[in-house]
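**Student:** Sequence first, then the predicted structure:
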Amino acid sequence: MNKADCRLKILIGKAGLDGHDRGVKIIARALRDAGFDVVYTGLHMTPEMIVKSAIQEDVDAIGISILSGAHRYIFTRILELLKESESDDIKVFGGGIISREDTEELKRIGVLEIFSPGANTNDIISWIEEKIKPKSI
């Protein structure tokens, strides 16, 4: 297996009505620049659209950016859909304006990490390299 076969593939998405995409585009570019294979789905995606894209693209992880306050529903639904499609080997993480209490609840149900606004992209990259492994390994 060559190095290109081991590259992490990450879907980055904006779910719901949130139209603020500057931060998610910065994250997507930083991940791409760090050598990850990045699929950016764009704005206003439903959990169903995100999971369908993740499965079609055979990604290792899904990163969701949410600033709208709908994070509990969106993350819960994504995790449910992944399980229903027997694709719960796809890891889920995210970022946005999410309270500490909600962050703890999201982690309890299976979201690996939540990054707050202003998180350092190098810290996010390091976390991904440490916590998410390609499914082919």
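**Tutor:** Noted; the coordinates are in hand. Numbers count the residues shown, from 1 in each chain.

**Student:** just the strands in this structure please.
**Tutor:** Remark: strands assigned in the chain by DSSP state E are 9-14, 37-40, 61-66, 91-96, 114-115.

**Student:** remind me which residues of this structure are low pLDDT?
**Tutor:** Across the chain, the ranges flagged by pLDDT under 70 are 1-6, 136-137.

**Student:** center of it - which residue?
**Tutor:** The chain has Gly63 as the residue nearest its centroid, 1.0 Å off, counting by Cα atoms, centre = their mean.

**Student:** Hmm, that one is touching Ile10, no?
**Tutor:** Yes - judged on Cβ atoms under 8 Å, Gly63 makes contact with Ile10 at a distance of 5.8 Å. The way it works is simple: take the backbone N, C-alpha and C, and place the C-beta from them, glycine included.

**Student:** and Leu35, what is it in contact with?
**Tutor:** One thing to correct before we go on: residue 35 is Gly, not Leu. Gly35 sits next to Arg7 when contact means Cβ atoms under 8 Å, 6 or more residues apart in numbering.

**Student:** Quick check: it vs Ala28, distance?
**Tutor:** Applying Cβ to Cβ, to the nearest Å, the value for Gly35 to Ala28 is 13 Å.

**Student:** same deal with Arg7?
**Tutor:** Computed as Cβ to Cβ, the Arg7 to Ala28 distance reads 15 Å.

**Student:** okay, the two: which has more neighbours?
**Tutor:** Neighbour count, other Cβ atoms under 10 Å: between Arg7 and Ala28, Ala28 has more, with 22 against 14.

**Student:** picking up where we left off before, which neighbours do Gly63 and Ile10 have in common?
**Tutor:** Joint contacts of Gly63 and Ile10 (Cβ under 8 Å, 6+ apart) are Leu31.
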